[in-house]
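Undergrad: Kindly return the folded structure for what I paste below:
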Amino acid sequence: MNEAFNTLLELEGRDPEFVRAYAAESARIEAIDSIINALDEARAEANLSKAALARAIGSEASTVRRLLSAESVNPTLSTIAEVAAALGMKVTLTPMTREERTRITEPMRACA
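TA: Numbering: from 1, shown residues only. Here you go, the predicted model:
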């Protein structure tokens, strides 16, 4: 399976639009995973249950459980900012490393 995926990726990698879409999706997944993991770590460090965090943001406990536990989430920036604030954090942007810009930004801009 892994070899087949790599072969397909290599073939599709010749298409600039595929490379752009792959880079964009990779960036989206990495960013969301990083944010969700940081929020869940902050929640644990604050000794807050998911239910208590949900109450703090005026939400259902199931919403916070899904946000912090689901395999596939696509939270809004508004939700992220509210959860972060309840944990004493704020959302900020940081520049990518040179490697990340080469791997993600350049393929995305190549189709611009």
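Undergrad: Show me where the chain dips below the pLDDT cut-off.
TA: With pLDDT under 70 as the threshold, the chain has low-confidence stretches at 1-13.
Undergrad: can we see that at 80?
TA: Using pLDDT under 80 as the threshold, the predicted model of the chain has low-confidence ranges 1-14, 111-112.
Undergrad: any chance you could map the helices in it?
TA: Listed in chain order, the helices of the chain (DSSP state H) span residues 2-12, 16-45, 50-56, 61-69, 77-86, 98-100, 106-110.
Undergrad: which strands and helices sit next to the second one?
TA: What that stands for is helix 16-45. Of the remaining helices and strands, those touching helix 16-45 by 3 or more Cβ pairs under 8 Å, 6 or more residues apart in numbering; DSSP states H and E are helix 2-12, helix 61-69, helix 77-86, helix 106-110. No exception for glycine: its C-beta is placed from N, CA and C like everyone else's.
Undergrad: go again using 7 Å as the cut-off
TA: helix 61-69, helix 77-86, helix 106-110 (3 or more Cβ pairs under 7 Å, 6 or more residues apart in numbering; DSSP states H and E).
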